[in-house]
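S.K.: can't give you the sequence, but here's the structure:
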């Protein structure tokens, strides 16, 4: 009886008493979608979702339209960044003027990529290589930290040029693959915006700058990143299915 009433011995190591307690969740990784997203970015994101579905499922079927959109968006984005961030003729251009110049040059680029097939294929291959490089840069974060910003930049440029050359050599399969993966990446980016405010996009920019000691990505960021190749594979299968049906219809028409 006396032994049962002895006081508990205090120890400096609390681990044996806390082994069964769950660890508190990381406050960064609490999934809280945006309550009131801004109207303009939300509309742009919804429009990008439509473009992503067209690219992913109908990229080869709507070849001309996809080439025009690729040239328009790529040219407009590059020119807008150059005009808005840099001084042109010793003058800092306003946002509206930069957008107007970018839209005009983007339309010209879109017409060129739509009318000149080789230019459209080259741009599709460039986008394929950039998309694969961006996915690889995000996916290898836990196991590889680039020593310099030149490493990811050089890798992206090399993959883009390789994708462009391979697309010129094998246009049909790589156009299907490139449009499917690009459309899937756009859909994942839109979901990333609504769920976590473009956390994956911000992390991609940090990886391109080779910033050290980055906090780990949350579990739902990895889920979103994992859905990208899955959506790309589904989109490529859908495009091949549509092509088979189209070729089968042409063959039946010839037989009749």
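M.R.: Right, received. Where do you want to start? Note that this is a predicted model, so its numbers are computed, not measured. Numbers count the residues shown, from 1 in each chain.
S.K.: distance of residue 155 from residue 205?
M.R.: According to Cβ to Cβ, to the nearest Å, residue 155 stands 15 Å off from residue 205. Placement of C-beta: from N, CA and C, glycine included.
S.K.: Would you check that residue 107 makes contact with residue 73?
M.R.: No. Using Cβ atoms under 8 Å as the test, residue 107 is too far from residue 73 to be in contact (10.9 Å).
S.K.: picking up where we left off before, between residue 155 and residue 205, which is the more surrounded one?
M.R.: residue 155 (15 against 11; other Cβ atoms under 10 Å).
S.K.: Please name the nearest non-neighbouring residue to that one.
M.R.: Leaving aside its chain neighbours, residue 155 sits nearest to residue 133 (5.7 Å; criterion: Cβ to Cβ, 6 or more residues apart in numbering).
S.K.: Would you mind giving both backbone torsions of residue 146?
M.R.: phi -60, psi 140 (degrees, to the nearest 10).
S.K.: For residue 110, give me its contacts.
M.R.: 67, 68, 69, 70, 71, 72, 75 (Cβ atoms under 8 Å, 6 or more residues apart in numbering).
S.K.: Among those residues, which ones are in helices?
M.R.: Those of those mapping onto helices are 67, 68, 69, 70, 71, 72, 75, per DSSP state H.
S.K.: wouldn't the third one be in contact with residue 52 here?
M.R.: This points to residue 69. No. Residue 69 lies out of contact with residue 52 (Cβ under 8 Å); the separation is 10.8 Å.
S.K.: can you pull out the helices in the stretch 101-250 of the chain?
M.R.: For the stretch 101-250 of the chain, the helices defined by DSSP state H, counting those that start in this stretch occupy 117-139, 150-169, 171-196, 199-208, 219-255.
S.K.: and the angle for the second one with helix 117-139?
M.R.: Just to be clear, that refers to helix 150-169. 140 degrees (axes from the mean of the first three to the mean of the last three Cα atoms, to 10 degrees).
S.K.: same thing with the third one?
M.R.: Following the same axes, to 10 degrees, one obtains 40 degrees for the angle between helix 171-196 and helix 117-139.
S.K.: Could you give the number of residues near the closest residue to residue 80 other than its chain neighbours?
M.R.: Take residue 80 and drop its neighbours on the chain: the residue closest to it by Cβ to Cβ, 6+ apart is residue 102, 3.6 Å away. By other Cβ under 10 Å, the residues close to residue 102 number 21.
S.K.: Could you do residue 63 as well?
M.R.: Neighbour tally, residue 63, other Cβ under 10 Å: 19.
S.K.: separation between it and residue 223?
M.R.: 32 Å.
S.K.: and if you look at residue 140?
M.R.: For residue 140, the distance to residue 223 - Cβ to Cβ - is 17 Å.
S.K.: show me the contacts for residue 122.
M.R.: 164, 167, 168.
S.K.: And residue 124, by the same measure?
M.R.: 66, 67, 70, 167, 174, 175, 178, 179.
S.K.: Excluding chain neighbours, give the residue nearest to it in space.
M.R.: residue 178 (4.8 Å).
S.K.: So that neighbour is in contact with residue 121, correct?
M.R.: No. Contact criterion Cβ under 8 Å: residue 178 and residue 121 do not qualify, at 9.2 Å.
S.K.: Show me whatever sits in contact with both of the two.
M.R.: Common neighbours of residue 178 and residue 121, using Cβ under 8 Å, 6+ apart, are residue 167.
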